[in-house]
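1. predicted model follows, preceded by the sequence.
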Amino acid sequence: MNTNKPQQSTIHKIREIKLEALYIDRDYDVLKEIGSGDYGKVILAVHRDTGSEVALKAVPKATTPTKDFLMEFHYSYFLSPHKNILDTYDVAFETSEHYYFAQEVAPFGDLSQAVERTNGVGLNERDVKIVVEQISSALEFMHDKELVHRDVRVKSLPSCPPEVWEAVLLEGYNIEVGSDVWQLAMMVYVCLTTRFPWDKADITDPRFTDFVQWHKRKTTRTPKEFRVFSARLLRLMRRLMELKPTKRYPVTEVNKYLRDRWLVQRSQRASSVHPQGDLNGSHVTRSLSCSHLVHPHHRSDEWMASKSKDDHSLYTD
Ligand SMILES: Nc1ncnc2c1ncn2[C@@H]1O[C@H](COP(=O)(O)OP(=O)(O)OP(=O)(O)O)[C@@H](O)[C@H]1O
């Protein structure tokens, strides 16, 4: 039975909600700010009536159109049933300055903090595989619903795929699933090494050019930055980091490699995903935030431009 169609039409129908006006201090005990992003901040708070601890996502009204806030809330809420995506509760309101919605608290923070705790060593391979499996499953769930995350990253560093850097030059870019796939590969890279392989995925960056030469099989020399990886992980990287976004494998490709060794040398790394020691799946499981998901038919921000970039690709097969 094909249940896809009704579900998809429901998920893309943004709910129209009349936001309740609140004085936040009346209903919540605000504990502390636990994060901030480009668009707003995240507050740890306890709902007085229920005693529940929540993460309140706050965006300033002055810079956020109501429809953008409602769209983010809507998609976060409708993606919540996936076990690897943080629950967004059916709670949204406004104060005089901000729009808010409430989300489950991720108690151990985000992946970048886990990577930072390794002090430059990198996460242990087993943990990276658990995280990657969880994230690829969540991304598959989104991609099936014609949604792209667009911001799968460990740090706010340049994990963008080459078509984005080209787009900056040519001012045209079509957000695609392939962008998430590239970023997933970069996430694996950063988790294992704590750094990026290049400054910019662009032909002006010699380290990226080395990668392109290797990827196009113009040289058999593995790029220096990738030599710590096993042949199997290199094969996976090749597939996820196809230069043409449309040729990239689906995110689920990672599942075929989870039983392989990823690092050339056996990892001596301690688990850092879970600060108390070994990884406890359930905590990381629910750490994918959906704050940057974008429906291809709702392209509203400046990062997205009107026309497809594929036609202008600098890369040939
Ligand atoms: N539900 C949550 N539980 C615990 N911490 C959270 C939660 N949501 C977000 N955070 C923390 O707040 C930070 C900012 O989150 P937010 O979703 O606003 O933006 P972002 O996607 O990380 O960044 P940006 O908006 O700049 O791209 C996160 O990096 C994380 O550390």
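-> Okay, I see it.
2. which residues of the stretch 151-300 of the chain score low on pLDDT?
-> 155-159, 165-175, 266-300 (pLDDT under 70).
3. that one: strands as residue ranges?
-> Assigned by DSSP state E, counting those that start in this stretch, the stretch 151-300 of the chain shows no strands.
4. mind listing the helices for it?
-> 162-170, 177-193, 206-215, 231-240, 281-285 (DSSP state H, counting those that start in this stretch).
5. just the ones you listed: most buried one?
-> Comparing these on average neighbours per residue, with mean count of other C-beta atoms under 10 Å, the densest one is helix 177-193 at a mean of 24. All C-beta atoms are positioned from the backbone trio N, CA, C, and that covers glycine.
6. what angle do helix 231-240 and it make with each other?
-> 150 degrees (axes from the mean of the first three to the mean of the last three C-alpha atoms, to 10 degrees).
7. residues of the chain that sit close to the ligand?
-> 34-40, 42, 55, 86, 103-106, 109-110, 151, 289, 291-292 (C-beta under 6 Å from any ligand atom).
8. from the residues you listed, list the buried ones, please.
-> Buried positions within the residues of the chain next to the ligand, assessed by neighbour count (16 or more other C-beta atoms under 10 Å), are 34-35, 39-40, 42, 55, 86, 103-106, 110, 151, 289, 291-292.
9. closest to the ligand among these?
-> G35 (1.8 Å; C-beta to the nearest ligand atom).
10. buried stuff in the helix ranked longest in the chain?
-> In the chain, with assignment by DSSP state H, the single longest helix is helix 125-144. Counting neighbours by 16+ other C-beta under 10 Å, one finds that the buried residues in helix 125-144 are 125-143.
11. what's stretch 244-264 in contact with?
-> Outside stretch 244-264, the residues that touch it by C-beta atoms under 8 Å, 6 or more residues apart in numbering are 125, 128-129, 132-133, 135-137, 139-140, 143, 161, 163, 176-182, 184, 188, 192, 227-230, 232-233, 235-236, 239-242, 310, 313, 315, 317.
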